[in-house]
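>>> Starting from these lines, generate the structure:
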Amino acid sequence: MPGKHQHFQEPEVGCCGKYFLFGFNIVFWVLGALFLAIGLWAWGEKGVLSNLSALTDLGGLDPVWLFVVVGGIMSVLGFAGCIGALRENTFLLKFFSVFLGLIFFLELATGILAFVFKDWIRDQLNLFINNNVKAYRDDIDLQNLIDFAQEYWSCCGARGPNDWNLNIYFNCTDLNPSRERCGVPFSCCVRDPAEDVLNTQCGYDVRLKLLEQQGSIHTKGCVGQFEKWLQDNLIVVAGVFVGIALLQIFGICLAQNLVSDIKAVKANCRDLDPARSPLWPQRDSVLGFLTGTGVGGVYA
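Sure thing, here's the model as predicted:
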């Protein structure tokens, strides 16, 4: 009976998953670097990089923080995912998947807590908006953010136009010398569709004219308008969050699958029998391939 040779399929690292994860993180990395560059450029324009104490001078939120923090996190994760996939480095891949999983669970916990403690969240949102109303003139980026929110949601202040009494330029006290006294920012005004040029002085003295408020400015607060917008666009908002969550889970699964493949290949190489394995003459080159800087990459 002729001898039969049994062929066993050697474990290998899946190229499709490896390079798909690499490409996925390249996009992630580039977007993160772009966000970070925009944030640092904005800080440089405002002189923050030359005087870091300026970060504490703003009473409200500096929107540039969002770009810097999000860009920094995306850059670190993208770097870990790219290099980990390309060089088959299990440490970087584990770091990528664990950190991404941590972000996913933080998002999930935040969503659950926001649903359970809706009233507390509403109060904190009121407080947050009012703090930023106070600092409206302190930072141009904050000012643009508030103006955008008030125009987009057709609102004024956290609960209403009178919240602008919290700002030293708009409050109605007799000692206020500002020309904007008892007024509101132009973003509170009801825009005339026939108006070609934006009237930035449309909010001057408007809170002195109580009977005209209804027609000239938005009288609803931004908290209530934001809640209404969420209810009207619940499916879209939920779809965006579910899409982001699925992308995160997909990235974690790809990274963990690649780690499993790498460990299987390493275990197979360690189990090679030098006396019987036909691969023994090539073992030195195989181990060099696994631990060196070749196409296979570095195994952590």
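>>> I'd assumed Leu108 was in a helix, is it?
Yes: the assignment for Leu108 by DSSP: H, G, I helix; E, B strand; the rest coil puts it in a helix.
>>> tell me the pLDDT at it?
You'll see Leu108 listed with a pLDDT of 89.
>>> show me the contacts for it.
Ala245 (CB atoms under 8 Å, 6 or more residues apart in numbering). C-beta: built from backbone N, CA, C; applies to glycine.
>>> Ser75 too?
By CB under 8 Å, 6+ apart, the residues touching Ser75 are 29, 32-33, 36.
>>> Excluding chain neighbours, what is closest to it?
Leaving aside its chain neighbours, Ser75 sits nearest to Gly32 (3.7 Å; criterion: CB to CB, 6 or more residues apart in numbering).
>>> Val237: helix or strand, and which one exactly?
Assigned by DSSP states H and E, Val237 falls within helix 234-270.
>>> who's in contact with stretch 171-178?
164-165, 168-170, 181-182, 207-208.
>>> Give me the distance from that stretch to the chain's centre.
40 Å (CA atoms, centre = their mean, to the nearest Å).
>>> Could you list the buried residues of that stretch?
By neighbour count on 16 or more other CB atoms under 10 Å, the buried set for stretch 171-178 is 171, 176.
>>> and if you look at stretch 262-271?
Within stretch 262-271, the residues scored as buried using 16+ other CB under 10 Å are 262, 265-266, 269.
>>> pLDDT for the residues you listed - can I get that in CSV?
Output for those, formatted as CSV (pLDDT from 0 to 100):
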residue, pLDDT
Ile262, 83
Val265, 77
Lys266, 77
Cys269, 72
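>>> and which of those residues is nearest to Gly157?
Using CB to CB, Ile262 is the member of those that sits closest to Gly157, with 56.0 Å.
>>> The closest one contacts Glu88, doesn't it?
Yes: between Ile262 and Glu88 there is a contact under CB atoms under 8 Å: 5.3 Å.
>>> What's the separation between the residue most central in space within the chain and Asp138?
For the chain, Val70 is the residue whose C-alpha lies nearest the centre (CA atoms, centre = their mean; 4.4 Å). Per CB to CB, to the nearest Å, Val70 is found 23 Å from Asp138.
>>> Equivalent analysis for Cys182, please.
Distance, Cys182 to Asp138, using CB to CB: 20 Å.
>>> and the two? which has more neighbours close in?
Per other CB atoms under 10 Å, whichever of Cys182 and Asp138 has more neighbours is Cys182, with 19 against 15.
>>> quick one: contacts for that one?
By CB under 8 Å, 6+ apart, Cys182 lies in contact with 170-172, 205-208.
>>> do that again at 6 Å, thanks
Residues in contact with Cys182 (CB atoms under 6 Å, 6 or more residues apart in numbering) are 172, 205, 207-208.
>>> again with Trp29
78-79, 82.
>>> Tell me where the stretch 51-200 of the chain has helices.
Using DSSP state H, counting those that start in this stretch, the helices found in the stretch 51-200 of the chain span residues 64-86, 90-116, 118-134, 140-152.
>>> Tell me which of those helices is the most buried.
Across the helices of the stretch 51-200 of the chain, the average number of neighbours (mean count of other CB atoms under 10 Å) peaks for helix 64-86, which reaches a mean of 20.
>>> I figured the residue nearest to the centre of the chain hits Leu34, correct?
No: counting by CB atoms under 6 Å, Val70 stays clear of Leu34, with 10.6 Å between them.
>>> Buried residues in the strand or helix carrying Phe226, which are they?
Per DSSP H and E, Phe226 falls inside helix 222-232. Residues of helix 222-232 classed as buried: 222-223, 225-226, 229 (neighbour count, 16+ other CB under 10 Å).
>>> Including pLDDT and distance to Pro177, could the residues you listed go into CSV?
Output for these, formatted as CSV (pLDDT from 0 to 100; distance: CB to CB, whole Å):
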residue, pLDDT, distance to Pro177
Cys222, 93, 28
Val223, 92, 31
Gln225, 93, 32
Phe226, 92, 34
Trp229, 93, 37
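>>> farthest-separated two in the residues you listed?
Val223 and Trp229 (10.9 Å).
>>> quick one: Asn165 from Gly78, how far?
Distance of Asn165 to Gly78, computed by CB to CB: 45 Å.
>>> make that Asp232, sorry
34 Å.
>>> Run the chain-centre distance for the helix holding Phe226.
Centroid separation for helix 222-232 versus its chain: 21 Å, with CA atoms, centre = their mean.
>>> Show me the shaky parts of the stretch 201-300 of the chain.
210-214, 270-300 (pLDDT under 70).
>>> Can you tell me how far Ile235 is from Phe241?
Distance from Ile235 to Phe241, by CB to CB: 11 Å.
>>> more neighbours, those two?
Between Ile235 and Phe241, counting by other CB under 10 Å, Phe241 is the more crowded of the two (13 against 8).
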